[in-house]
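Peer 1: just a sequence and a predicted model for now, questions to come.
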Amino acid sequence: MSQYLIDQINVTNNIKVCGYMVLTEMHGDGRLEKITVENIKTGSKENVPADSVFIFIGAKPCTDWMELNLVRNDKGYLETGRELLRYENFKKKWKLEREPFLLEASIPGIFAAGDVRAGAMNRIASAVGEGAMVSKWSTNSWPNCSQNR
Ligand SMILES: Cc1cc2nc3c(=O)[nH]c(=O)nc-3n(C[C@H](O)[C@H](O)[C@H](O)COP(=O)(O)OP(=O)(O)OC[C@H]3O[C@@H](n4cnc5c(N)ncnc54)[C@H](O)[C@@H]3O)c2cc1C
């Protein structure tokens with residue numbers, strides 16, 4: 001979640017943040033009437049009256065399926081470009097003399113675009129723009145990723 005949203009939530013009096021709580025059930029007859037929430041630390045469950053639910057999805061990068069050992073940040077997002085230079089394990093892997101290109105991941109010729117990329121803007125327009133950049137580079141065979149500059 002973006003920091004500006006966290007800040008707004010923290011100063012909004014009618015929002016209560018309940019840590020470690022997971023929505024497990026929704027109940028109602030024709031319409032929502034109550035929800036069941038579970039405390040994942042204690043396992044205790046509680047029914048709470050509710051007539052609406054907002055589900056906020058999309059906060060996990062879901063990069064576990066990639067077998068390639070790409071450098072990720074502590075949350076699992078793929079690091080790209082000059083940000084990679086901060087990682088010790090990157091320096092051991094990267095064999096080229098040149099630095100990684102903008103949006104290039106820790107294996108030459110593999111790029112990350114959109115939300116999956118560490119430091120992404122998390123906006124539709126930027127994801128589309130980054131995808132277009134990578135697509136353009138690959139169709140033009142530029143940059144020649146396997147070569148040193
Ligand atoms: C609740 C919410 C509200 C938002 N509101 C706005 C907004 O108002 N304006 C705005 O600009 N941005 C908004 N965003 C951000 C915007 O949705 C993202 O920045 C944008 O969708 C990123 O695009 P993407 O292509 O990188 O990723 P995604 O849109 O997440 O696309 C990734 C795709 O890959 C698929 N996928 C994942 N794993 C695999 C796999 N193993 N195999 C095959 N497919 C896979 C997923 O199913 C998904 O379809 C919002 C995001 C959220 C979560």
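Peer 2: Right, received. Where do you want to start?

Peer 1: C-alpha from now on. contacts and neighbour counts both.
Peer 2: Fine.

Peer 1: ranges for the helices of this protein?
Peer 2: Using DSSP state H, the helices assigned to the chain run over residues 3-10, 88-93, 124-139.

Peer 1: quick one: end-to-end length of stretch 82-91, please.
Peer 2: Stretch 82-91 stretches 12 Å from its first residue to its last (CA to CA, to the nearest Å).

Peer 1: so how far is it from its chain's centroid?
Peer 2: Here the centre of stretch 82-91 is set off from its chain's centre by 19 Å, with CA atoms, centre = their mean, to the nearest Å.

Peer 1: list the buried residues in it.
Peer 2: Leu84, Leu85, Phe90 (16 or more other CA atoms under 10 Å).

Peer 1: who's in contact with that stretch?
Peer 2: With contact meaning CA atoms under 8 Å, 6 or more residues apart in numbering, stretch 82-91 is reached by Val71, Glu99, Pro100, Phe101, Leu102, Ala105, Ser106.
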